[in-house]
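Asker: coords please:
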Amino acid sequence: MKSIGARLTLFYALATTTTAALLFFAGYVLLERQLMRGLDQLITSEFSQLQVRLGPDYATLTPAVLDERIHQTADAAPALFFINVDEPRSGMVFFSRNLNHRTIPDIPGTHLYNANMRGIGDVRVEEFILSPFDVTIATPMQQVRATMRSYIEICAGLLLLMLLLSAAIGLGMSRIVLRPLNFIRETAKRISSDNLGERIPMPQHQDELADLTRLLNQMFDRLEYSFNQIKRFAADASHELKTPLSLIRLHAEKLLDDKALSGASMDALVVQLEELARLNQIIDEMLFLSRADAQAIQLNLIKKDPADFIKNFAQDAQVLAEHEGERHFKLVLEGDGSAAYEERWLRQVWLNLLTNALNASPEGGLITMHSRLGHGSWLVVFEDEGPGLPEDQLEQIFNRFTQFGSNEHRARGSGLGLAIARSIVALHGGEIFARNRKDRSGLSVTIMLPEMRAFEVSETKTERRHHHLR
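Answerer: Sure, this is the predicted structure:
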């Protein structure tokens, strides 16, 4: 069970039910012992009455008189008692009429025991010495057995009721106990880059929850401080790096107008300007990734049909493909519906993927863009006709500063394009992955974004949860 509340409920129900079961078992033993003690006292009382009936001169009585007096006692309660009188030298001298000349079972060396008699059932038996006679008195145990069966049935019903009640009580208690933890969890989930100043309210009681809240708030204080330091460093680094780079570029561009420079010097200046542009691009990309990691980028997701957006991009992609060594671009558009996205960011992802595909494809190669909307998702797939990648590199290409392929391709790229693409797709609530094509050589990169209907359901649940917390 993943839920602590469910485990607490189960443990509480099992603990209370097990405790009740043990108490019922102890009650069973004590009740049975008490009932058996009552039977023993009843048998002893019957023997006392028999003793009184026989009188002090019982040893001198004739067998007929002795038999008559015993019958007077035995016949007074024939359903309750069975009596045998045995004289060790002459054998059995008396049977109560309800025995029909049957002998009560005897266990040598034991004077108080349980036995089973044919046609009667379980009986409680006790032997008494009335010299020169041995008197054996038995009483039926049906009432005791019936009482114990009723006790078991009642206890079983009570245990079932106890299990249900304890489960309900445990569920209520777990909710009450976990309510502060749920509140702490929901508050912690709301704390993000845009509201790092929010803190979990301290409980009224100074207990373990208060200690946990204090530790979490201290952790959020450290995170807020570190986050602010990172943002400040990123802003300072951006300003301090870009300003001198801009000055260097301006001076280099001025030198290009100097007609006295040799051809080699002019070529060196052009290379410098290209590298400066590339360095500016890397700085911008790194700043974007740092903001994305800090969740400081807020997207303006708009519900719309992406068909026109895709077709406009396809026109630009066709021009870029023809410019890059007469390569070709093909669009395959399937399905209809709406999706939630922000055009400028998604266009950036597609441009990064298109650039990689153009660099990997041979001259005259075909780059295909598949767009399929439906079945709860929007799939966009870019396929090229390049050499592909080994299986162990398919996931690594989304890491920062990771480049595979020719040296020319590596020189033109920064190694951050696919990392940026993954961050933008993640901000849209989607995922991106690569695999080698099965129909021919080449790489296939798939972007999976949630369809509008699924996105609306997710947003509605989030809004309801936040409204409930407020």
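Asker: Assumed residue 270 was part of a strand.
Answerer: No. Looking at residue 270 with DSSP: H, G, I helix; E, B strand; the rest coil, it is helix, so not inside a strand.
Asker: I'd assumed residue 180 was in contact with residue 209.
Answerer: Yes. If you go by C-beta atoms under 8 Å, residue 209 and residue 180 touch, sitting 5.1 Å apart. In this view, the C-beta of every residue, glycine as well, is placed from N, C-alpha and C.
Asker: List the residues that are in contact with both of those two.
Answerer: Both residue 209 and residue 180 are in contact with residue 203, where contact means C-beta atoms under 8 Å, 6 or more residues apart in numbering.
Asker: So what's the residue count around the nearest residue to residue 54 once chain neighbours are set aside?
Answerer: Leaving aside its sequence neighbours, residue 54 sits nearest to residue 69 (C-beta to C-beta, 6 or more residues apart in numbering; 5.4 Å). Residues within reach of residue 69, counting by other C-beta atoms under 10 Å, total 17.
Asker: same deal with the one 3 residues further on?
Answerer: Counted with other C-beta under 10 Å, the neighbours of residue 72 add up to 13.
Asker: Hmm, it is touching residue 54, no?
Answerer: No. In this structure residue 72 lies outside contact range of residue 54 using C-beta under 8 Å: 9.8 Å.
Asker: list residues touching both of these two?
Answerer: Shared contacts of residue 72 and residue 54 (C-beta under 8 Å, 6+ apart): none.
Asker: In the protein, what residue spans correspond to strands?
Answerer: 82-87, 91-95, 112-117, 121-130, 133-140, 302-304, 328-334, 339-341, 366-374, 377-383, 431-436, 443-450 (DSSP state E).
Asker: Looking at those, which one is packed in the most?
Answerer: Neighbour counts (mean count of other C-beta atoms under 10 Å) averaged over each of those peak at strand 339-341, with a mean of 26.
Asker: Could I get the full set of helices for the chain?
Answerer: Taking DSSP state H, the helices of the chain run over residues 4-54, 63-74, 142-190, 208-256, 263-293, 307-323, 343-360, 407-412, 417-427, 452-469.
Asker: Next, format the ones you listed as TSV and append mean pLDDT and distance to residue 132.
Answerer: What follows is these, written out as TSV (pLDDT from 0 to 100; distance: least, C-beta to C-beta, whole Å):
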stretch	mean pLDDT	distance to residue 132
helix 4-54	91	13
helix 63-74	82	12
helix 142-190	88	33
helix 208-256	77	79
helix 263-293	76	106
helix 307-323	90	118
helix 343-360	89	114
helix 407-412	50	121
helix 417-427	86	104
helix 452-469	40	91
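Asker: quick one: which of the ones you listed is nearest residue 368?
Answerer: Between residue 368 and those, the tightest spacing by C-beta to C-beta is seen for helix 343-360, at 9.0 Å.
Asker: Touching that closest one from outside, list them.
Answerer: Outside helix 343-360, the residues that touch it by C-beta under 8 Å, 6+ apart are 299, 309, 313, 317, 320-321, 324-325, 327, 329, 367, 369, 380, 382-384, 386-387, 405, 409, 412-413, 417-418, 420-421, 424-425, 427-428, 432, 442-443, 445, 447.
Asker: Pairing partners for the nearest residue to residue 332 once chain neighbours are set aside in the sheet, please.
Answerer: Spatially, and ignoring its direct neighbours in sequence, residue 332 is nearest to residue 370 (4.7 Å; C-beta to C-beta, 6+ apart). Assessed by DSSP bridges, residue 370 has beta-bridge partners residue 332, residue 381.
Asker: pretty sure residue 370 contacts residue 381?
Answerer: Yes. In this structure, residue 370 is within contact of residue 381 by C-beta under 8 Å, at 4.2 Å.
Asker: From residue 59, how far off is the residue nearest to residue 53 when sequence neighbours are not counted?
Answerer: Spatial nearest neighbour of residue 53, excluding adjacent residues (C-beta to C-beta, 6+ apart): residue 73 at 4.6 Å. From residue 73 across to residue 59, the span is 17 Å (C-beta to C-beta, to the nearest Å).
Asker: Residue 32: neighbour count?
Answerer: The tally of other residues near residue 32 (other C-beta under 10 Å) stands at 15.
Asker: burial of the closest residue to it other than its chain neighbours, as a residue count?
Answerer: Of all residues beyond its chain neighbours, the one nearest residue 32 is residue 148 (5.9 Å), with distances taken as C-beta to C-beta, 6+ apart. Look at residue 148: counted by other C-beta under 10 Å, it has 15 neighbours.
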